[in-house]
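In: Need coordinates for the below:
(chains A and B)
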Amino acid sequence: MDLGTHAGFIIASYAVCLAVVFGLILWVVIDRKRQEADLEELADQGITRAATAGDKASKAAKA
Amino acid sequence: MAIWDYANPTRFLRLVQIILPWLIGLCVIAFAVGLYMTFYTTPDDYQQGATVKIMYIHVPAAWLAMMCYSVMTISSLGTLVWKHPLADVSAKAAAPIGAAFTFMSLVTGSLWGKPMWGTYWVWDARLTSVLVLFIMYLGLIALWRTMEDPIKAGKAAAILTLVGALNLPIIKFSVEWWNTLHQPASVMRMDGPTIDASMLIPLFVMAVAFTLLFFVLHLMAMRNEILRRRVRAMRLKAAATARPATVTATAQPAE
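Out: Reported below is the predicted structural model:
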């Protein structure tokens, strides 16, 4: 594979794209882990979606 | 099944769980085929030489930069007109991805421009309008970050997105309306593409790969945004239920 006299520009272009795509993948993966850690932390404190739904149900029953 | 059936985030998350592995697999295959064709089967251009290989990432990145903003525009209409609960989630999740593709398109365009035009940058209509698109993306990301309430931020961002959508036809037709250094369209033309099939097919495969990458990242980012809103809602709920107890606790000694 011969990239000719402008090989540096071609390699730099693909390197930038690779870096951006890896950056995007890292962003979504790290963000997901952060959200799941936050949800686990809340669950450890006894705050779950089921519990908050239960609160709503009890309020509705009182009303 | 109608789009409204996926207004339920739990149902949407279940759908994402099912289709995401397939999309990732297809995306990897498309990139493998596209890159193989780019580096091993496509011929060099008779004028550009091997530098034409930059086109196989620059053109799909530029298309995706515009497609991503189109998705955000449709999502913004969903927020303002139909009040679809996932519309602003979609728009917010798409903005950083669109910014990244626009950045990719600007950088690869510059790196192609230096050996071909003799300059990295020129203030012609196409390049400038794409730079405006990049600034729009950054502005929208900043707007979402400055407002704490995601519903209010979503509405404000939706209005700004619709205003910014005026830039899309300017980008598309800039090479026809003005005399630009950037070459006119050579793929999406009324009289058909002017590129030879030996270059058009790899370009098409790379465009499919980039599009699949966008959908993979968009679905993953939407899932994250739904989880973020759940965390926020649960924290607010916990704070609201804890507050009366705190007030009682602090009020008792005073009595």
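In: Next one: the residue in the stretch 101-250 of chain B that chain A sits nearest to, what pLDDT does it get?
Out: Closest to chain A within the stretch 101-250 of chain B is B:Leu227: 3.8 Å, counting by CB to the nearest CB. In short, each C-beta sits where N, CA and C put it, glycine included. Here, the pLDDT recorded for B:Leu227 equals 94.
In: burial measure for it, as a count.
Out: B:Leu227: 19 surrounding residues under other CB atoms under 10 Å in any protein chain shown.
In: helix or strand for the closest residue to it other than its chain neighbours, which one?
Out: Nearest residue to B:Leu227 in three dimensions, chain neighbours excluded: A:Gln35, at 3.8 Å (CB to CB, 6 or more residues apart in numbering or on different chains). Under the criterion of DSSP states H and E, A:Gln35 resides in helix A:7-44.
In: mind listing what's buried in that helix?
Out: Using 16 or more other CB atoms under 10 Å in any protein chain shown as the test for burial, helix A:7-44 gives A:9-10, A:12-14, A:16-17, A:20-21, A:24, A:27-28, A:31-32, A:35, A:38-39, A:42.
In: repeat for stretch B:225-244
Out: Buried positions in stretch B:225-244, judged by neighbour count with 16+ other CB under 10 Å: B:225-231, B:234, B:237-238.
In: now those as CSV including distance to B:Glu176 and secondary structure?
Out: Output for the buried residues of stretch B:225-244, formatted as CSV (distance: CB to CB, whole Å; DSSP: H, G, I helix; E, B strand; the rest coil):
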residue, distance to B:Glu176, secondary structure
B:Glu225, 37, helix
B:Ile226, 41, helix
B:Leu227, 44, helix
B:Arg228, 42, helix
B:Arg229, 43, helix
B:Arg230, 47, helix
B:Val231, 48, helix
B:Met234, 52, helix
B:Lys237, 54, helix
B:Ala238, 57, helix
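In: So which residues of the stretch 51-200 of chain B form helices?
Out: B:55-77, B:87-117, B:125-146, B:150-164, B:167-177, B:197-254 (DSSP state H, counting those that start in this stretch).
In: Select, out of those, the one closest to B:Gly34.
Out: Minimum separation from B:Gly34 across those (CB to CB) falls at helix B:197-254, 4.0 Å.
In: Contacts only, for the residue of the stretch 101-250 of chain B closest to chain A.
Out: Residues in contact with B:Leu227, defined by CB atoms under 8 Å, 6 or more residues apart in numbering or on different chains, are A:32, A:35-36, A:39.
In: so what's residue 61 scoring on pLDDT?
Out: Let's take chain A. The predicted structure scores A:Ala61 at 51 on the pLDDT scale.
In: Switch to chain B, please.
Out: At B:Ala61 the predicted local distance difference test score is 97.
In: how deep is it tucked in, by neighbour count?
Out: Under the neighbour criterion other CB under 10 Å, B:Ala61 is assigned a count of 26.
In: residues from chain A in reach of chain B?
Out: Contact residues, chain A versus chain B (CB under 8 Å from any CB of the partner chain): A:1-7, A:9-10, A:12-14, A:16-17, A:20-21, A:23-25, A:27-29, A:31-32, A:35-36, A:38-39, A:42, A:45, A:47-49, A:52, A:55.
In: Tell me how far the nearest residue to B:Leu140 once chain neighbours are set aside lies from B:Asp44.
Out: The shortest distance from B:Leu140 to any residue other than its chain neighbours is 5.0 Å, reached at B:Ala95 (CB to CB, 6+ apart). Taking CB to CB, to the nearest Å as the measure, B:Ala95 falls 37 Å from B:Asp44.
In: ok, these two, which is more surrounded?
Out: Neighbour tally, B:Ala95 and B:Asp44, criterion other CB under 10 Å: the higher count belongs to B:Ala95, 24 against 15.
In: Tabulate the buried residues of stretch B:225-244 (TSV), appending distance to B:Ile170.
Out: What follows is those, written out as TSV (distance: CB to CB, whole Å):
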residue	distance to B:Ile170
B:Glu225	29
B:Ile226	34
B:Leu227	36
B:Arg228	33
B:Arg229	34
B:Arg230	39
B:Val231	39
B:Met234	43
B:Lys237	45
B:Ala238	48
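In: which one among those residues gets closest to B:Asp196?
Out: For B:Asp196, the closest of the buried residues of stretch B:225-244 turns out to be B:Glu225, at 42.6 Å, with distances computed as CB to CB.
In: Pretty sure the closest one sits against B:Ala91.
Out: No - shown here, B:Glu225 and B:Ala91 do not form a contact pair, counting by CB atoms under 8 Å, at 9.8 Å.
In: Excluding chain neighbours, what is closest to B:Lys89?
Out: For the record, residue B:89 is Val, not Lys. Excluding its sequence neighbours, the residue lying closest to B:Val89 (CB to CB, 6+ apart) is B:Glu225, at 4.8 Å.
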